[in-house]
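> This is the structure alone, sequence omitted:
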């Protein structure tokens, strides 16, 4: 399940996107509605089993997602859980936490 599974698809014909639409030969563009994720509460974090991982040179969130969840598309769960917008914000030697149960993590993030 990707993060856009429950998102509506919106039709956008605003003037702001007019140059981009013309460049692509489109009359309207379709966008996914932005999902609203919540931050897990202290109790949700405490009740979710995680694996501690020490970040090292060459690590990538998508690789960790594939290793732990079998799907690279869940990189954002690890990022959101650790409050990092992207992997460049994680310093070598930092400890990040990877939720063991993906479904429980998605529920804590408001995605189920």
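Good, I have the coordinates. Quick caveat, the model's predicted, so the values are computed rather than measured.
> Distance of residue 105 relative to residue 59?
19 Å (CB to CB, to the nearest Å). Glycine gets a C-beta too; all of them are placed from N, C-alpha and C.
> quick one, what contacts residue 79?
Contact analysis of residue 79 by CB atoms under 8 Å, 6 or more residues apart in numbering lists 61, 85, 86, 87.
> Outline the domain layout of the chain.
1-36, 42-108 (automatic domain parsing).
> who has more neighbours, residue 105 and residue 59?
Legend: neighbour count by other CB atoms under 10 Å for residue 105 and residue 59, higher for residue 105 (25 against 15).
> list the contacts for the nearest residue to that one once chain neighbours are set aside?
Spatial nearest neighbour of residue 105, chain neighbours left out: residue 99 (3.5 Å); criterion: CB to CB, 6 or more residues apart in numbering. Shown in contact with residue 99 (CB under 8 Å, 6+ apart): 48, 49, 50, 77, 78, 81, 105, 108.
> chain center to stretch 82-102, what's the gap?
Between the centre of stretch 82-102 and the centre of its chain there are 12 Å (CA atoms, centre = their mean, to the nearest Å).
> still on that earlier bit, mind putting the domains of the chain into TSV with mean pLDDT?
Listed next are the domains of the chain as TSV, based on pLDDT from 0 to 100:
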stretch	mean pLDDT
domain 1-36	80
domain 42-108	94
